[in-house]
Structures are given as C-alpha cells and as structure tokens.
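S.K.: no FASTA, just this:
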C-alpha cells in the first residue's frame, strides 16, 4: 500500500531528521536488527542511506523522496527535483561551508596558487570541476575523512573540508584560504514521482508539514492583558500576519491580546510592552505554523 | 499524615512512570541511597517494587495503590481493584504480548503440540493454567529471563516470552506459534482502601490526573485565522468536544478559530484547512486534558 | 560593539544557566577549543569562570554582570550590586545550605563546642567570621572538596559542607550539628556599570527576562468550556492576575474560560472544576511570564 | 565430534570464567547474536546459562560439566558431582556469604526470633529448609533481587541476602543477624558423564588445568644471585616444593638460585634475602602451576 | 635525524598496531591535538593514515614503511615491497575474507549469476577486475560502508563485504555465495627505501622485532622438576628448537627441565607430563621470541 | 595493630598508585561508600587525600607516610622526610613542569616582565616566593583550576600552569615564557615516624618494594641458546649485574645463557645477538627487581 519511498540520511543527520519528522507528524522508529525504520503512515516506507549516496538513489527511482546536503547533490550531479531547503542541522548560527585549508605557513594565498599542487577532499568531483572552471590544474585525491590531518602531516598541500566556525581548523594550525561552497539540507524528489499526481500530492504534504515544523521553531505566541486605554499603543508594537486577536476579559475594562512574533524578538519586545502598560504577558511555544 | 501508599514499578517502567506522574502534577524524585522516592504531596508516600511483585503487595494492603501489567496481575491472581488502563510504556505502536516461541524447524505448530514438551517462561502460573484449560500436559519451568536463549540452545522445547514486534525473536531464528496474552499497564488499588471514602477520593484524583496527562499526549490545539466568508467551510473540517471557539480579530473581517484535534490527524488536516482558506494555522501541545 | 560582559558560572551551574538564558531569549553556545561561549546578541559577550571566583571579577569590573551563589558573595566580601535571586539550580525541593557536620559519635553538639577544634571547609573566610562573631576559637582549614571524607577519616574534628537533603551526610555516618547559611543563586552587577544608563538598561532587560523565564516554570494556562449557567461557580474557583478571559463558543450556550494558575495547584483544581461543570479542560505550558 | 557440553554461568561470573578458561588453555569467544560461545577445542561445546539454573541442567544431562555457586547447588538440591572448588570470583578478600538482615532497630536478634515473621530472599528453598531444621516457622517469599530494599521499605521483616563485606547492608541502615551459608564457585559434573571413561578423562583434564591456572595466580618465581659463601643462609630462607634450582654463573664465585614462593610472601622475603647477601633478585609471574 | 617514515593504520587496526609495536620495543603515544604520534626512537617518525590509503602513500614515498591489509594493496594496485605478513588483528580464529552476499531468497547462486546485476562494495577496483577476469558484466558501485544494509533494503542485488565468521551476515538474512579474497595485515615498504642500505637495515630490524613479538604470543616456556629416573620419558614428550635445558636441583636426585612449547599444546601436555612423573610444572609467558 | 598510616593521593594519581602498590605486594581496594581503602597487610592502614593536602598531613603526623608531588611539598613548605622519587605517573616521556604562560601576542618575554602584572596559579605560595627571590613585584591570585582559560579570556596577564608536552597550551594560542619547576612524585615520611625503629623498618620495606616494582618496569630477562664456539662473542654483547648465567643444554654442544638487560635495549640487541649466532632468544617480563 506504500506510496512514497523515503530516504532518511544515516549518521550525523539521522537523529535530527527523525526528530523533525516527529514534530511534522510522522513517528519514525529505528528497529534494532532492522534496516527499515518503522513509520506510522501506511503511505510511506523508509530506508536509511548515507547522505553522500542519497541523490543518486533518488535520481534513479530507488527512492521517491530523500534528504541530503546541497554539497552531495552537486558532487553527484544527480538529476533530482529540489523541493525546498530545510535548515535543521547546524550546530552553530553560521552556515556550513566547504573551505580550502592550508598550513599556516603555506605560500598558497588563493585558489590560483593551487596550480601544480595536491589537494585531498571527500568532495572530489565538485572540487575538480570548481578548479577546472577557474583554469587551475591540480591533483585532487579522494580522502576517507579526517582530511585536515593530511594537511597537518604534509601528505598533501591543501584540503577542501567542511566547517561551520572554522575553530577546529584554526586549532590545528591550518589557515582558510577561500570558501568554495555554502551548503544546507535539501528535500529532493525523483522527477518521475513528481509527475505522478498521487505521489506529488503526498510529497507536497510532507514538504508542507516539514516546513510548518521548522517555521514553528522560529516563532512564539504572545498573549497579554492591557487596559482599554493602552490598547492602541500596545498593538502598534506588535507585528502580525493579519492583526492580533483581541478579546475582552471578564473584567471588561481590560482586553486580552494574542499574536505570533519572532521568538528572537521577544527579549526586546517584552520590556517595551510592559512600558506601554501590558500585564500578564505570556509566551507559548508552537509545534507547527502553516 | 500520608494517606495513600503508592507502589511505583522499579526497572523498565520506572522512568516512564515518574515522567507520567510529573506531567499529572506529582514530582517524584529518586534519592540516592534511599529506597523511598520523595514526592511533593504530603498525602502520598511512594516505594519502589518490581512489577512482578506489585499486585500481591497491593492485595495485602502493603500499598493502597500501584501500577503493574495485566500479565503480572493474572500471574499472581492477586485480589485487587483495577482502576483503569494506562498505555504509556510501549516502545512501538504494537501491543505487548506473551507468545509461544519455538525453533524455526520445530514440529510444534500449535498449542496442542506442546503435549509432553518442556516450556520455559517467567510467567509460570499463567502458562500452567492456560495449558491446563486447553488440556495440554507439559512441563513448565521458571526462567530468570533471557528465556529465548534456552530455546536457541535446545535446553527447552519452547518458551513463553513477551514481545512487541517479534523482531528479536525472528532475529534469533525462532518462530512465533501463538499469542497467549495481550497485556498493558493497569492502575490497581487495594479493595479495602477503595472502601474508605477519603482514600477512594484521593485514588480517584490520581486516576483522573494520570488519564488527563495521557489524553493530552494524543491531542493538540489548533488555532487558525479565517476570513468570515470561509468560516463555515473551515469549521466543517474540524472535530470538537463541543464546537470550536471563534473570535473576531482586531481586523474585524477575520475570525480566529481554536479547537482540539487528534495529534495524528494534523498532518492531513492542515493541507485541507489551508485549501479551505485558513491562514496562520498554529499547533500547540497540551500538558493535560480532562 | 559588545556592551555587557557577562560571567557564566562554570561547572555544576553551567548547563542550568545556559538553559535558563535560552528560555529567556539568549542562545549561548559553548565552542570546543574556545573559552568564550558564543551568544546571539551583539550587545553581550560571555566568559566562563568558576562560581567561587565570580564575585571578585564582577566587583573589579572584569565582568559587568554575573551569576553566583550568595555563599561565594559572602565568602569573598566582594562589593557587588545584587540584582535579584534566581532559584533554578536545586536538585530537590529543599534549600541549599552550609551545615556543620561531625562524626555520629562526636561530643560536639553545638557551634560553641567547636572551641579548640579543627574544621575543614571550602568556605574558609565565611566560617572564620561566623565563628569569630560567636566567640568561638577554632582552626579553620581550607579543603579542596570531598570535605566530609576528612571528618570520616578523622583528619579534622568537623567540616562545614553544602547540602540539600543531608542524605549523603547521613549515609557516611556523619551528623548535622547546625545550619550556618542558606544560599541560592544571585544575579550580581558591577556598581559602576549600574551607574551607566545604557549598561543599566541592558542589565535590567536581562534580569527581567530571566525572571520571566523562571516565573513561567511555576505557572500554567488552563482553558476550559463551561455552560453559561455554571460560569460563576467555575470562575469563583479560579485565581487570576486580573480575571479570566471569557469567550463564547460557536455554540453560544457555552463559554470558553482561560486563566493562569500555579502549576502545582492544577492537580487539586481540575477535579473541583469538573465537579462544577467545566468540560474540555486543557493545560498549557509557558515559556515566559512577565 | 564434541565430547563435553560445558555450561558457562551467564552474568556476573561470565567474564571471570572466560578469563580463567583462557589462562587454562581454552579460548572462549562470545559471538554477537549467537547464544553458543565459540571455543577452540573440537571436543568441547559451550552454552551460557544463569548460575541459578546451572545445577539442574547438569543434573539432567543437558550439560556434562558446569560452574556455579554452592548456594545454587544447595537451593536446587540437584544431583551433581562436585569436582572441585574454584575461588576466582570474589571482589574482596572475604568470603561470599548469605546473611539474615533486619532493620537497625528490629527486635530480631537471632534466627529463632524469625518465628511468625515474613522473610524475602532469592534462595527460598534453602532458607525454608534452614529454618525448618531449626524449628522456626516463618513465611519465606521469593524476591527477584534488590531484596534488602524490601526490608528498608518495611515490606518484609527480614531478608536473606548475599554479601562479602556487609558494607552495602550497613549503608542502608540494616543489621546482620546471622550467617546462613558461606558459598564459592564449584565445578560440577553430571554423574553419568563421570561414569563414561572418555568424558571423565576430558573433565579431569579441564579440572586440572583450571586448578593449574588458579594456583599460578597465588605463586611467583624468584631468581637471585648469591656468593657461594652465602648460599646456605639464602636457601634456608626459601620454601620450595623440593628445593631450589641452583646454578653457577659465568663468574664461578656466584650462584644463581631459582624457586617458587607465595606471591604474598615476597614483600617480606626480599628484604630478608638482600640482608642475607642475595643480589639481582627477580620476580616472575606464572601462567600455570601444576 | 629521523630515518624511516612509518605509516600507522588509523581506526580499527590502530590500537592493535600500537600495542604490537610496544611489545616489539617501540612506545608509540598518540598526542591529543597532534596528528603525529610520538615514538621513543629518533630514527623513526610516525603518521596516522587510513588503511585504505596506506599503500599509495608507501608507493609514492610519502612513507618508507607502513601496515595495511592485502585487500587494500590489491585494491590500489600500489607498487610496494611486501616485507612480511603480520596476523595480529583478527577477532576470531577464522581468516578475514571478502565475500559475495545476496538476500536469502535471491536467485544468485554463483559469481556467474551476477551478470547484469548491481553490486555495492568498498573494494570497487578489486571487484571490477575480479568479475572482468571471469567474464561477468555487472555494475559495481562504491559504498561508504554498512554495505550489507543496501542488500537488505534492496538498493542493490548483491554486495562484496568483509567478514570473519559470517554471523552478522546471516543475522541479517543474507546468504554468502562465494569467497573472493582472504586478507591479512602486511608490512609494506617503498621500493626505493629498500634500495638504501641504512633504511633497509632499519626496516629489517623493525620487521624482525614485530615478528619476534608475534611469535612470542604463540609460545610459552614450560619448566618442570623430574626425578632422574623419569627424565628420558619426560624429555621424549617435549618438542624443542634444540633440546630442553636440563639442570640439577639442590637436591641432586631431581632435575629441572626447561623448554619452549606451543601455548595451545600445554593443555594436553601437562596431564601427560604429570603422568610421566613431572612435578612443579610452571608455565611462563614470553614477550619476544626470535 | 596497624603500624603505619599511609596517605594515598586521590584523583589523577590514585589508580596508578594503587597499581604500583599491587605490583609491589600490597593489594589496596577501594570500597564503595567507604573512605578507607582496604589493604591486605594488618600493619598498614590507608586513607585517600588530595595530593595538594598530603604533605601537611604527613608533617603533622596524621599520616606516617604518603605520596605527593615535589610541587606540593614546596608549595606547602611542610617538614617531611623525602624517602625517594617514584616516576610512575607521567603520560609522556617528558617531565612534568610548571611553566609561565602568556597570550601569543603578549609583551611579556621573561620572568622580569611580570613586574606590575597579575598572575593566576594553583601554586600561589611557591610562585610568590619564586618571584620575590628574583625581585619581581606581581599580584599572584589563587585559581581553582582551568587557569589557562583566565589568560585566554584576559582575566589575568599570565598563568603558572603544569604541563608535560606543552601541546594543550599551544593549542589555546598561549606561549610558554619560562620553566619554573620540574616536579615528580615523592614518597615522604613524617620525621618522628622515621625516628621510631619499627616504623622506620616498615617504611623502608615499602620503599624498597616500590622501587623494586618500578625497576622491574625498565628491565627484562633475555634467555638464548648458543653453540659453545660462539659463547664468548655473545656474552661480550651482554651487560649484566655480575655476569650471565650459563648452562649446558641436554645437547651438550649448546649452551643456555640468561641475563637481565634494559627493556629499551632489546630492539637493538636481538639483531646483534642473532648475527653472533644466538638462537631461541626469549624475552621475559619482570614483576620485581631488587
């Protein structure tokens, strides 16, 4: 009966992906000694596969839908439909990016200086194309991870590595020469599946709910009480999709106001609201916002 | 001053039970080097005891109230009052059940084929009565756990074991012959305590709040904004205990609608609501619903 | 651009402090191989320092603002402004307190009996002043922690140690003779910073939001439906800052009531509300209340 | 081809048993997802079973040979041949013993005082027979472990529990009234297997090698050089099975002496040997001594 | 001053390799935040690199010497000198081998049946050559590990995976069709380095000592006492490189005999030696045997 | 009956100390919920105390004997007898040393440049005296650990910290200006105890055995067989306390040679010995050498 075959990225993204689907409305449960996680929707079946291998499996129809990084979509040049970006996996507030790193004392100061050098990376295809487009002739070697160690040990002249803050790179005495690619997670679909109306509807439902879950992480609901005289001042401080909900309290001289705001704005908004006469200000978390 | 002596099941149910009581309104804290957990209610005292031993202690008045599985109530044939079922402990979406397992290649195909065989189980009394009622004569041995290993190793012909999905059983090359008992957690009370009005009131308060906490895990609140013209269509999509709460927004052409729905229904409901003109749809979690 | 230098207590309070700031609106992230945590507010910079050392660093202007215990403020006699108390770190429902402990069989029965004895403690300055004010002449030794072991081993006659429930102390066969100090976390500021209007405003914003986060942990929102006839009875059961919000449901014979109550009161309130005719009672958690 | 079916005690004794067999000459390897450990001897097959269940399985021929405690042999009254004691499992220098424990303030002062009381224990059969032999009429309940908690919580009047140093018992405020049984690990065999010459020979080989491994843990080899004049004095200090091996060094005025001594005696022997003129004293560990 | 650049395999072989070098006479210490392990020999420098990447780095002179598996030497077709095999890394008594695995119910029964199928493996180059040599045309995909999951999930028709006992493969319901390659660890050197007499001497020293350490793991020394009359019988039971060392004891009627034997033979030898009159039989472990 | 009260350093040295005493002949066992470790010698009693506090407790007779670092002996200026150095605690081959560290870009280039600066350290007394002796006037603050963080964060100008390789210091971007003190573990005794003949004898026994255990870690025994013609060449390669033990083999044309050598020398010695005609070379570990 299953309609959509969904690829879940195994490893560092796995837990965050399962948590996001849970918030979006699908309970996915890993089962010991099973490779297929269980999901509480008969229209879905799930399988775990590494992020590096996801795009080709979606492209060839093994999966109808999957999640992986832009980096691995570009690396594999797989023919997939990008449904939407989903920013749920970063450990810092900075974007994940692939950077060129060299030893502190290296003479390499720009991409051009890689000419004739040896570069290690997990992203071989992308790096080769990136250098070729810029007319740089270098040896690009595949590396199974811990790539920066090869630069430290002098096995290669440079590496193309992923980082967020660059702190690990600096801690090993390496220097970032250039950013090659900013990446983030994408929801991708098989083109043929997108041409099938039933599958497309299911894919769009999943995309809508994942986005509703992510949007809810950025927003909160504020409720507050305000005397009728102060209502306009208070309402003028509040952003809203339309306008806040306003109701009379049992004590009719007071009004209850409710609205959605950016979670990050609240720390500045509450002092202003109180200064404007608001009382009983309450903040609520959201599970979905669509 | 304590009124009710409460037995908390030690071990696999312990953490889930303490979390449920926390949501229901009672903070229970294990204390290192203490056997009595602390609880923030002078009318309650708690003790930890294994689920297997709970029912007899409730039956003989050592505890007024306790939580344990239906399996152990039947095993011990203890005279207790079953207040309500509480489904909070399963790791999958399938019921816990005691099954008869045999090696893949065994000739045993039904309960009847156990005649003259040796069976290992933790649930000796129940299994013996179950077989006797069906006229099957078999040796039933008590097993301290890891019972399925005894079947694998050939120490016994069959085992009666608890499982949810059966995956561990299949992974060991065993086969499920029959289900003997579906079980779940029950809140049980001492009959004499139920005859004492003060104790009964306290027990009913606890039962009510535990059920309110469990009910809240299955429900969410949806709020949404809708233009007045679309209100009826949107409301027709919503189930409710009575009917949704509807309020005017500050911008009077729009209405705010609020209602309780099944958490599991939301992933299908939101796309329908948006198609019907709803905007600013928000989902909130609940802590209790009574 | 940073305005306020904030000291975060390292160690046992660290995680709870970062969680509290997160709820209050500031994401603080520890960075591996960095000593300065990252914070998502350009007006703040953070550093980690032990609770014992916080007050002097705030007093001398190294930090504008910090969190530490009353015990260490008193120990160091640092000149700081105490902004507010923040009770977010206790593992039990009892206050943290510094107590005098002796072996079970010791002849020491009161503070006076310490005359001529040897006492080990981490809180040397406070203990010396405490004894001097009471005319007791004792040797007070600095101890690097695990102080109670020194009493057990007979290295000293007594110890001044921090405890909540006293259970660890009793488990080692020691006896509590007296309470010397009840302590809790304080938000403290540098006096000069409090004299600078811009800094003072930022400090007051932080204090307001931390208190709003802590207050929200003690409260919940209750919503319920009630037939118009039962409204007054139900409302009379509810406490409120002003009065509950009351709205008509779509079915006009019913009203929706919403109010804030103490989280701890709910377990008693719900049975009363239901007895008074309330239905569809829902409990919501709060993230901030100001 | 396997000749002997060997039962390995699962759980707390498992790792120590496998280590002992390794030293004795048999590599036993647990295999994930297998219940039969692998052993590098085609004449042996191994299975894991709980110590409590070992003796009946050896008695009924499921196993030819097994290891378990004297306590569980007595509890089950299984008809087995006790080959030898093997002391390899204790965490302290004191024997494991089953003791009667009561609350500190209990009026129970001797076994006789148990008359009319309720006792919890894992060793129900043994305890009942022990009390019956002494004319004591008490209710003895089976307990699934953590038995001492039941005494602390007042669920029973007393418990029969296993302990080495008694420190956990005292830490919970309990008192030891009497020792009921000193226990240690035994190598046990099936009587029929012992009547089969080939099996008996294999069992005796295993027993000999296990004892050789255990004996080697208590002994060391000492070698030393001594001038010919001091030889007699030095030799008089040394115990030996026969007499030490004595050899001339390349420098003929010196002799090399070698002997086996108790490991525990060395700390006293070396100072005496040096005082008697010994030089170049070397201590070697043993792997087997037979 | 360093003469030889040594590559240590990172990951699963790393700890076993460092332990083996320690026994052979070189202390290698990993240093946190360093990629070069420290070694206590100024003539050596060490670097960590994955086993998969070792052979090319030795072939191109980045390292003079390294350790890796035969599988990765064949996969990379690197031009290196194989100094010797070193069997120190297996977790069972069976060889590591790369096998072709398919689902239990697959129609694939031999290598030939792979024609037209899709195969996943980490050993792409070797597998492609292996199939080409046998005239089989199949798609061979690179897999980043957890390859057998791809067969279970149906992403590919078959996989070429490494295993020792095959138990994990069977536990997942897969079937082994054929063995493609038996592999073990090899010490490999750069051809140019082998042509430099100083480097060659150092490499041969390292090879000799690693082999001496491994040989010592298979042998033990037995010592025993025997009455002169029984000497010939006892000696006839003993294998030796030349012959056992025999010495008179202080008590001249007895002789001490010492010899090297296979560790695995001891469990059979000791009963025979005792039957022949040997006493005081001692077994000693070895650290090196050359 | 206990004669000697021994202080064991708690924390980072604790496990290494207990292992060393075990090798020396005393089994020390930590007991849960006890502060006094158990020791298998009625003439000894043990207690655990921090290394920082050891010397004063030995000086005032609380302990007769203890182990701590030279650094803490100097810091506390305690009047103790230093029995011997014991090098058993280092994680690298380099000595532990207290160094002055500053930020990479600091203007401080020597001890003299500390004039007028603020320094944080755990070793306040030693550092103050060290600076005073050199005429440097600086503020020296006590730090509860993680001292280098204070330099990174700019709370102080410099720190005096302990290090072995300096790698953590460099990883944080700090620079080592000078070494202030090389330290290692010392066995220290109370002067009065050393004046009591019985106690002194026991202390000297312990010191002798600890040194015998440590010496054994640096040495091994080599045994080899050599044809009579090659004996002199082989013996000339061997160092010895006196001379090697030489014996005839059963085959009289061969001789067995046995001697003690430095463990570190073996990797060079074995190739030479084999070149000189030695065969059957065996290396044995030692447990004590005195």
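M.R.: Done, it's in. Just so you know, these numbers come straight off a predicted model, no measurement behind them.

S.K.: leaving out sequence neighbours, find the closest residue to residue A:272.
M.R.: Counting by CB to CB, 6 or more residues apart in numbering or on different chains, residue A:272 lies nearest to residue A:237, which is 5.5 Å off, once chain neighbours are set aside. Any C-beta I mention is one placed from the backbone N, CA and C, and that applies to glycine too.

S.K.: how far off centre is the host helix or strand of residue A:159?
M.R.: Following DSSP states H and E, one finds residue A:159 within strand A:158-163. Mean-position distance between strand A:158-163 and its chain equals 20 Å (CA atoms, centre = their mean, to the nearest Å).

S.K.: who does the following helix or strand past that strand touch, helix- and strand-wise?
M.R.: Heading C-terminal from strand A:158-163, the first helix or strand you meet, by DSSP H and E, is helix A:167-171. Using 3 or more CB pairs under 8 Å, 6 or more residues apart in numbering or on different chains; DSSP states H and E as the contact test, no helix or strand touches helix A:167-171.

S.K.: ok, then the element right after helix A:167-171?
M.R.: Later in the chain than helix A:167-171, the nearest helix or strand by DSSP H and E is strand A:174-183.

S.K.: I figured the residue nearest to residue A:272 hits residue A:269, correct?
M.R.: Yes - applying CB atoms under 8 Å, one finds residue A:237 in contact with residue A:269, separated by 6.7 Å.

S.K.: of those two, who's got more company?
M.R.: residue A:269 (20 against 14; other CB atoms under 10 Å in any protein chain shown).

S.K.: right, and the more buried one touches residue A:222 too?
M.R.: Yes - under the criterion of CB under 8 Å, residue A:269 makes contact with residue A:222 at 7.3 Å.

S.K.: and the residue in chain A that chain B sits nearest to, how far from residue F:280?
M.R.: Per CB to the nearest CB, the residue of chain A with the smallest distance to chain B is residue A:25, at 3.3 Å. For residue A:25, the distance to residue F:280 equals 74 Å [CB to CB, to the nearest Å].

S.K.: and those two? Which one has more around it.
M.R.: residue A:25 (26 against 19).

S.K.: just the pLDDT for that one.
M.R.: The model reports residue A:25 with a pLDDT of 96.

S.K.: so what's it up against?
M.R.: A:209, A:288, B:263, B:264, B:266, B:267 (CB atoms under 8 Å, 6 or more residues apart in numbering or on different chains).

S.K.: go again with 6 Å.
M.R.: The neighbourhood of residue A:25, defined by CB atoms under 6 Å, 6 or more residues apart in numbering or on different chains, consists of A:209, B:266, B:267.

S.K.: cool, and residue A:257?
M.R.: Listed by CB under 6 Å, 6+ apart, the contact partners of residue A:257 are A:224, A:244, A:246.

S.K.: 8 Å instead?
M.R.: Counting by CB under 8 Å, 6+ apart, residue A:257 touches A:223, A:224, A:225, A:226, A:231, A:234, A:235, A:238, A:244, A:245, A:246, A:278.

S.K.: so what's the fifth one up against?
M.R.: Each residue near residue A:231 by CB under 8 Å, 6+ apart is listed here: A:246, A:255, A:257.

S.K.: identify the bridge partners of the first one.
M.R.: Residue A:246 has the following beta-bridge partners by DSSP bridges: residue A:257.
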